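Student: please work out how this folds:
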Amino acid sequence: MNISPEAFISGMCAIGAGIAALSVIGGGLGTGKATSKAVESIARQPEAADKITRTMIIGSALSEATAIYGFLIAILLVLKI
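Tutor: Below is the predicted model:
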């Protein structure tokens, strides 16, 4: 069975986009875990809430940036840019 090069490239782009989109799951899980641990920490040491919150926000931003990069790669692969 012969497959045209265009069809093969389209199929591989779709598979790559699916794999790249999996990073969104990791970003969501990472942010959720960080938030739950921050809430636990604040419950144990309320006086350190400002420091814990600041650190959590920085970590969440880095986690979400990874998810956004994966999402952008998936879009680029689907659009074949």
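Student: CA atoms for contacts and neighbours, from now on please.
Tutor: Fine.
Student: so, low pLDDT: which residues of this protein?
Tutor: Applying pLDDT under 70 to the chain flags residues 81.
Student: pick out the residue nearest the middle of it.
Tutor: Ala67 (2.1 Å; CA atoms, centre = their mean).
Student: Ala17 contacts Leu77, correct?
Tutor: Yes. The pair Ala17 and Leu77 passes the contact test of CA atoms under 8 Å, sitting 5.6 Å apart.
Student: sorry, back to before: for the residue nearest to the centre of the chain, identify the helix or strand it belongs to.
Tutor: Taking DSSP states H and E as the criterion, Ala67 maps to helix 49-79.
Student: which strands or helices does the top helix by length along the chain pack on?
Tutor: Ranked by residue count, the top helix of the chain under DSSP state H comes out as helix 5-44. Counting contacts by 3 or more CA pairs under 8 Å, 6 or more residues apart in numbering; DSSP states H and E, helix 5-44 is packed against helix 49-79.
Student: tell me how far Pro46 lies from Ala7.
Tutor: As for Pro46, its distance to Ala7 is 58 Å (criterion: CA to CA, to the nearest Å).
Student: let me fix that, I meant to ask about Gly27.
Tutor: In terms of CA to CA, Gly27 sits 31 Å off from Ala7.
Student: which one of the two has more residues nearby?
Tutor: Gly27 (21 against 10; other CA atoms under 10 Å).
Student: who's in contact with that one?
Tutor: Ser63, Glu64, Ala65, Thr66, Ala67 (CA atoms under 8 Å, 6 or more residues apart in numbering).
Student: so can I have TSV of those showing distance to Thr55?
Tutor: As requested, those are exported to TSV (distance: CA to CA, whole Å):
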residue	distance to Thr55
Ser63	12
Glu64	14
Ala65	16
Thr66	17
Ala67	19
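Student: which of those residues sits closest to Ala21?
Tutor: Ala67 (8.1 Å; CA to CA).
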